[in-house]
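[1] what's the 3D shape of this:
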Amino acid sequence: MDRGLPTGWLTAEDLQRWKLEYDESPVTVSPVSFTTDEWQTCVASDLSRAHQTALNVFGSEVEVTPLLREAEFMTFRTGKLRMPVRVWTWLLRLCWLTGHRSQRACRDDLMQRVKAAADAISERPGNVLVVAHGGLMIYLSRELLARGYSGPKLRMPKHVTPYCYERL
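    Residues are numbered from 1 along each chain as shown. Got it, this is the predicted structure:
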């Protein structure tokens, strides 16, 4: 079942409910255009969508971790106010960028997890396949680049697409 972004006008509670349904929905198995021979280990988010993708791509020896979970967001207390998903998305981004108190704890938690995940990945010998969620991958990409890795700066990662980062 492919659960893209919802459409129409939603309340903050509708958006939160969609996120929970998305996190629990089954993954659509996509064919991959790469081999996993070049990776010695695989680490994945402990949420079922990423874990199932990792199992489909890498095989049975996948280490799962909550460090690679997608960013959380707190429900805005806006009552029955309805807005298009794009407006909610921009509002969330603005709150994250400005450190608004409504989302600060979620943002800070994500940043701590990204740093801890980057530490864990950097300590591993050999090549590591990381299977996580798009939003988290954007921040993980930034963290790896800041640590001197070479690789692409992600803006909108594509599903089941490898992005390679090399230690310099």
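[2] Excluding its own residues, what touches the longest helix along the chain? List them.
    Assignment by DSSP state H gives helix 104-123 as the longest helix of the chain. With contacts defined as C-beta atoms under 8 Å, 6 or more residues apart in numbering, helix 104-123 is touched by 43, 65-69, 71-74, 96, 99, 128, 130, 136, 139-140, 143-144, 147, 167. C-beta here means a position set from N, CA and C on the backbone, and glycine is covered the same way.
[3] so where is this protein shaky, pLDDT-wise?
    Scanning the chain for pLDDT under 70 picks out the ranges 1-3.
[4] try it again with 50
    Judged by pLDDT under 50, the chain has its weakly predicted residues at 1.
[5] Filter the contacts of helix 104-123 down to just the ones in helices.
    Secondary structure from DSSP H places Trp96, Leu136, Tyr139, Leu140, Glu143, Leu144 of these in helices.
[6] Can you report how many residues lie near the closest residue in space to Met156 that isn't next to it in sequence?
    The shortest distance from Met156 to any non-neighbouring residue, by C-beta to C-beta, 6 or more residues apart in numbering, is to Gly134 (7.0 Å). Around Gly134 sit 13 other residues, with neighbours defined as other C-beta atoms under 10 Å.
[7] now Gly134: how far from Arg101?
    26 Å (C-beta to C-beta, to the nearest Å).
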